[in-house]
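> Predicted model and sequence follow; I will ask about them next.
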Amino acid sequence: MNIEKIIVITRQTRLEESIKRFNTISQAKYFVESRGQSFDDYVTEYDNYQRARDALVRSIPSEMRFQVIDRTMLPNFLFGPGDLAMPLGQDGLVVNTAKYLEGQPVLAFNPDPERFDGVLLPFIWHSAVAVIRQTLEGKLGSRSISMARADLNDGQHLYAFNDFFIGADSHVSARYTLRFGDSSERHSSSGVIVSTPAGSTGWLSSLYNMAAGIQDFASGSPSVRTRKLPINKSPGTKKSSGENKKGMDTSGNGSGTSNHGVSPGAMQWEARKLIFMVREPFRSNWSGADIVAGEIGESQELILESHMPEGGVVFSDGMLEDFMQFNSGTTVQIRLAEKSTRLLVP
């Protein structure tokens with residue numbers, strides 16, 4: 001692996017964000033404690049993150065060029081073809097970073113394993129010296145994680161690591177025409193979710209769960225599925241390595257199962273397909289509810305045309321602040337992205 005430069009991507013902790021908001025640490029402490037929260041936890045999180053950050057930077061070989069950037073710089077940062085992206089933070093930092101890469105490998109570190117599950121963080125910060133050496137020697141494996149791309153008819157485009165939301169920016173109904181394959185239908189709904197394989201155990205799984213629960217209710221079956229849940233589990237209790245905080249499989253093997261339940265519709269990260277679902281479609285004289293879900297393959301695309309005079313949006317991975325307007329006259333085409341995230345793994 002020919003790595004020319006390492007880019008360490010960091011994020012601000014809750015303590016730093018609070019100080020930025022309230023100007024001083026004493027004012028931040030007063031605000032946090034007045035809300036009944038522990039300010040000591042803010043300080044502990046900050047200390048743990050700074051320790052991990054300093055250790056990670058010291059682990060980079062002296063002959064290797066490197067740069068440390070905050071995640072807020074990602075939209076304007078140009079990664080070189082020989083760069084190694086090294087996010088240090090939660091899973092969301094890996095997601096944010098991936099959208100700005102063009103095939104560069106991602107070496108992700110968990111700065112605080114007692115605090116963060118780290119589904120997309122294969123390595124712990126204190127193993128950085130050995131892991132970086134193995135990376136430079138080309139001894140690590142990798143996973144190719146499929147992504148999605150949305151293109152507007154005005155030339156704008158956006159990538160998604162987990163999922164796209166297309167709909168209204170408030171709780172009003174979204175109105176649009178949906179075209180998939182040879183079929184088309186006008187909709188009035190709560191919007192459309194398009195999930196990647198990586199996002200299939202997240203927002204998409206909640207839609208499967210909702211549909212299953214409604215089906216149980218409509219058929220007269222018990223609406224609550226019988227399964228054991230952890231009782232009075234302390235925050236410090238460790239989970240198995242393949243389980244995240246919702247009890248889902250986090251190994252990326254697509255099984256979606258764990259000791260605590262099932263994540264329906266889970267896909268292999270490498271799968272070259274997307275799943276779309278329409279949320280709460282309303283059937284009327286104007287709108288239908290027949291095309292409500294589908295699988296978008298390698299050579300397919302989902303097309304939506306907006307009928308909303310204002311408030312229509314397309315955003316990815318839950319980041320509403322990074323959105324494209326989806327108002328009347330706008331058409332969006334969603335398909336598998338031409339690029340994938342190359343996540344380095346043991």
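Noted; the coordinates are in hand.

> what's the average pLDDT for the biggest helix by length in the chain?
The single longest helix within the chain, with elements called by DSSP state H, is helix 39-58. On average, the pLDDT along helix 39-58 is 95.

> Pull out the buried residues from that helix.
Residues of helix 39-58 classed as buried: 39, 42, 44-46, 48-49, 52-53, 55-57 (neighbour count, 16 or more other Cβ atoms under 10 Å). Glycine gets a C-beta too; all of them are placed from N, C-alpha and C.

> is it true that residue 151 touches residue 159?
No: contact criterion Cβ atoms under 8 Å: residue 151 and residue 159 do not qualify, at 10.5 Å.

> Would you mind confirming that residue 286 makes contact with residue 185?
No: between residue 286 and residue 185 there is no contact under Cβ under 8 Å: 10.8 Å.

> More neighbours: those two, which one.
residue 185 (17 against 11; other Cβ atoms under 10 Å).

> so how far is whichever strand or helix holds the more buried one off the chain centroid?
If you go by DSSP states H and E, residue 185 is part of strand 183-189. Centre-to-centre, strand 183-189 and its host chain are 27 Å apart (Cα atoms, centre = their mean, to the nearest Å).

> Residue 33 sits in which helix or strand?
Residue 33 is part of helix 25-34 when elements are defined by DSSP H and E.

> could you check the angle helix 39-58 makes with that helix?
Put simply, helix 25-34 runs at 130 degrees to helix 39-58, going by axes from the mean of the first three to the mean of the last three Cα atoms, to 10 degrees.

> hmm, who's touching helix 25-34?
With contacts defined as Cβ atoms under 8 Å, 6 or more residues apart in numbering, helix 25-34 is touched by 15, 18-19, 21-22, 38-39, 42.

> Make CSV from those and add distance to residue 206 to it.
Listed next are the contacts of helix 25-34 as CSV, based on distance: Cβ to Cβ, whole Å:
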residue, distance to residue 206
15, 31
18, 30
19, 35
21, 31
22, 34
38, 30
39, 33
42, 30
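
> Among those, which one lies nearest to residue 221?
Nearest to residue 221 among the contacts of helix 25-34: residue 38, at 42.7 Å, using Cβ to Cβ.

> ok, the closest one - contacts?
Taking Cβ under 8 Å, 6+ apart as the test, what residue 38 contacts is residue 32.

> hmm, who's touching the longest helix of the chain?
8, 10, 13-16, 18, 28-29, 32-33, 66, 68, 86, 88, 109, 111-112, 115, 125-126, 128.

> now those residues: which count as buried?
Buried subset of the contacts of helix 39-58 (neighbour count, 16+ other Cβ under 10 Å): 8, 10, 13-16, 18, 28-29, 32, 86, 88, 109, 111-112, 115, 125-126, 128.

> quick one on the thing from earlier: for whatever helix or strand comes next after the longest helix of the chain, name the packing helices and strands.
For helix 39-58, the succeeding helix or strand toward the C-terminus, using DSSP H and E, is strand 65-70. Under the contact criterion of 3 or more Cβ pairs under 8 Å, 6 or more residues apart in numbering; DSSP states H and E, strand 65-70 touches strand 5-10.
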